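Visitor: predicted model, plus sequence, below.
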Amino acid sequence: MNTKDVLAILKEESTATDYERFLKQLIYKKSGSNEKLVIFEVPNKYLANWIKTKFLNNIKYAIEKITNQKPKIEIKVIGEKKGTKKEQSDSIQTSKLGDSTILNPSYTFDSFVVGSSNQMAFNASLAVAKKPGVQYNPLFIYGGTGLGKTHLLQAIGNYNVELGKTVIYVTIEQFMNDFTFALRNQNMEHFRNKYRKCDLLLIDDVQFLSGKEQTQEEFFHTFNELHSANKQIVMTSDRLPSQIASLVDRLKSRFEWGLTADVQIPGLETKIAIIEKKSELNGIKLTKDVIDYIATNLDNSIREIEGVLIRINASANLLNQEINLDLVKNLLKEQIKEQKENIKLPDIINIVAKELNIKPSDIKSKKRTATVANARRIVIYLTRELTHNSMPDIAKFLGMKDHSSISHNIKKANELIEQDENFKIIIENLKNKVINKEW
Ligand code: ADP
Ligand code: MG
């Protein structure tokens, strides 16, 4: 058995991304003294952890296919001394990991492309990673879906795990589940040990604290304890603390104690750089014209662009064909058309109404209160951006006199985006929600 044999099977059985990013880095070392024990090496600790948690079964399967024996797998870091006996069994290692933090090893500062849309969030994250608990505490990263918040949060985590720090990364939902579980099982001590005794607490998507009173209360105490011990807290959210509905004031104010930094939709240059980086990481070869085409035609989240790259690559492999502009145009034709066709004006109205706490029917009414006029303006702006509807169509649908009032609203919206940071955030948030069909 050699590395090549194992990798060949893993490549067959895994997605292209998993293979290119993680599995490809496995090096078959040897079978241990115990003949069922098979040892692999990987370049670093977090990749080892990640592979152990996510891919152990795939690897077992591959080995079994070659040797016809059910193996025990050990994943070691290159150059690391032999572990203690206890650590050699993968079953023990996996259960030990149950409580620790699993970070995606590809979310590092190196793999993050910096542009003006995310410069400040990146710099702040790096500063915090290098000196946790010193400068910006808490760090609060906010912005639309798929724009790199989790990536930055986990990059801070990976950086510090490497340094041997105790890092807890969870979504606020996991925190909440842990808390409820601890309450039910009267095991608060275990819960508090986990969350109050770490060097860095990284909490993803805190907007979901909205309305969860008991969890807010517990999080408040966790926050205070960590903060007063100069332990670093980093949070992400899709909106500013002040915009999280039913969040108690004392948390709102604490979330703003340190630094808030946003990630925005990247401009063309940054998008191109991201596509280049992602295709390189995934082992996909793209020509310049293809990259430009993707960057100019997909203006949604980076997560979506990543999905597209993987699809393009899969199709090219299936068709046994080079990736060229024709292939890509053909593949994306439907998606780009669909992107616009799938979004309907009533959906936009509903989502805007819900977000701004008014009735959808108000937007189509003759009401002229500031809130309604603002909501209507946002609907008009988003409809022009995200659908094929013409100005007269929109005017007709909204019961407005003519299309000049539509173009006036669009002009006004563009001005506000330039001048009013809050308005811009609201628009970006809504745009993401509409694109991702979060209604
Ligand atoms: P969010 O948490 O803001 O919804 P993620 O951090 O999950 O978004 O990002 C979605 C995907 O886009 C991830 O795979 C991430 O690596 C990638 N991504 C986002 N921004 C960047 C960037 N600036 N450079 C490289 N990759 C990025
Ligand atoms: Mg995220």
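Guide: Cool, got the structure. Ligands and ions are numbered 1, 2, ... in the order given.

Visitor: helix, strand or coil for I39?
Guide: Classification of I39 using DSSP: H, G, I helix; E, B strand; the rest coil returns strand.

Visitor: I'd assumed P71 was in contact with it.
Guide: No - between I39 and P71 there is no contact under Cβ atoms under 8 Å: 10.1 Å. Quick note: C-beta positions are derived from backbone N, CA and C, even for glycine.

Visitor: ok, the two, which is more surrounded?
Guide: Comparing I39 with P71 by other Cβ atoms under 10 Å, the one with more neighbours is P71, at 20 against 17.

Visitor: for the more buried one, phi and psi?
Guide: Torsion angles at P71 (phi, psi; degrees, to the nearest 10) stand at phi -90, psi 170.

Visitor: now do the contacts for it.
Guide: K36, L37, V38, K60, I63, E64 (Cβ atoms under 8 Å, 6 or more residues apart in numbering).

Visitor: most neighbours among these, please name it.
Guide: Neighbour max across the contacts of P71 (other Cβ under 10 Å) = V38, 26 neighbours.

Visitor: excluding chain neighbours, what is closest to that residue?
Guide: P71 (4.6 Å; Cβ to Cβ, 6 or more residues apart in numbering).

Visitor: quick check, nearest of the contacts of P71 to ligand 2?
Guide: Closest approach between the contacts of P71 and ligand 2, by Cβ to the ion: K60, at 30.5 Å.

Visitor: report pLDDT for the residue in the chain that ligand 1 sits nearest to.
Guide: Nearest residue of the chain to ligand 1: G148, at 2.8 Å (Cβ to the nearest ligand atom). G148 is assigned 96 on the pLDDT scale.

Visitor: quick check: phi and psi at it.
Guide: phi 110, psi 10.

Visitor: K359 contacts N350, doesn't it?
Guide: No - under the criterion of Cβ under 8 Å, K359 makes no contact with N350, lying 10.2 Å away.

Visitor: out of the contacts of P71, what pair is the most spread apart?
Guide: By the measure Cβ to Cβ, L37 and E64 form the most distant pair in the contacts of P71, at 13.8 Å.

Visitor: residue ranges with poor pLDDT in the chain?
Guide: For the chain, the stretches flagged by pLDDT under 70 are 32-33, 81-101, 300, 339, 439.

Visitor: near ligand 1, which residues of it show up?
Guide: 107, 111-113, 118, 145-151, 274, 277, 302-303, 306 (Cβ under 6 Å from any ligand atom).

Visitor: ok, and which of these reach ligand 2?
Guide: Within the set of those, contact with ligand 2 (Cβ under 5 Å from the ion) is found for K149, T150.

Visitor: out of the residues of the chain next to ligand 1, which sit inside strands?
Guide: Assignment to strands by DSSP state E places none of these there.

Visitor: just the ones of the residues of the chain next to ligand 1 in helices?
Guide: Using DSSP state H, the members of the residues of the chain next to ligand 1 that fall within helices are K149, T150, H151, I274, K277, I302, R303, E306.

Visitor: got a ChimeraX select line for the buried ones in the residues you listed?
Guide: Listed next is the ChimeraX selection for buried residues among these, using 16 or more other Cβ atoms under 10 Å:
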select :149,150,151,274,302,306
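
Visitor: what is the nearest of the ones in helices among the residues of the chain next to ligand 1 to E428?
Guide: Lowest distance from E428 to these (Cβ to Cβ) belongs to K149, with 12.8 Å.

Visitor: so the residue lying closest to that closest one once chain neighbours are set aside, which state does it fall into?
Guide: Nearest residue to K149, sequence neighbours excluded (Cβ to Cβ, 6+ apart): T236, at 4.0 Å. Here T236 is recorded as strand under three-state DSSP.

Visitor: so T236 sits against D205, correct?
Guide: Yes - assessed by Cβ under 8 Å, T236 is found in contact with D205 at 6.2 Å.

Visitor: domain assignment for this protein?
Guide: 3-77, 119-263, 268-340, 345-435 (automatic domain parsing).

Visitor: if we can go back for a sec, what about K359 and N350, which has more around it?
Guide: In terms of neighbours (other Cβ under 10 Å), N350 is the more surrounded of K359 and N350; the figures are 16 against 13.

Visitor: my guess is the more buried one contacts P360. True?
Guide: Yes - between N350 and P360 there is a contact at 5.3 Å, judged by Cβ under 8 Å.

Visitor: which residue is the nearest non-sequential neighbour of the residue of the stretch 51-200 of the chain found nearest ligand 2?
Guide: Closest to ligand 2 within the stretch 51-200 of the chain is T150: 3.3 Å, counting by Cβ to the ion. Nearest non-adjacent residue to T150, counting by Cβ to Cβ, 6+ apart: D204, 5.7 Å away.

Visitor: for that neighbour, list each beta-bridge partner.
Guide: Here D204 sits in beta bridges with T171, going by DSSP bridges.

Visitor: just the buried positions in stretch 182-194, please.
Guide: Those would be A182, F191, R192, K194, for stretch 182-194 by 16+ other Cβ under 10 Å.

Visitor: all strands of the stretch 251-400 of the chain, in order?
Guide: 259-263 (DSSP state E, counting those that start in this stretch).

Visitor: please name the nearest non-neighbouring residue to whichever residue of it sits closest to ligand 2.
Guide: Taking Cβ to the ion as the measure, the stretch 251-400 of the chain has R303 as its residue closest to ligand 2, at 8.8 Å. Among residues not flanking R303 along the chain, G146 sits closest, at 3.4 Å (Cβ to Cβ, 6+ apart).

Visitor: same check on A295?
Guide: Using Cβ to Cβ, 6+ apart, the nearest residue to A295 is K271, at 4.3 Å.

Visitor: for burial, what's the neighbour tally of the one you found?
Guide: Neighbours of K271 (other Cβ under 10 Å): 23.

Visitor: I244 touches S210, doesn't it?
Guide: Yes - look at I244 against S210 with Cβ under 8 Å: they come within range, at 5.4 Å.
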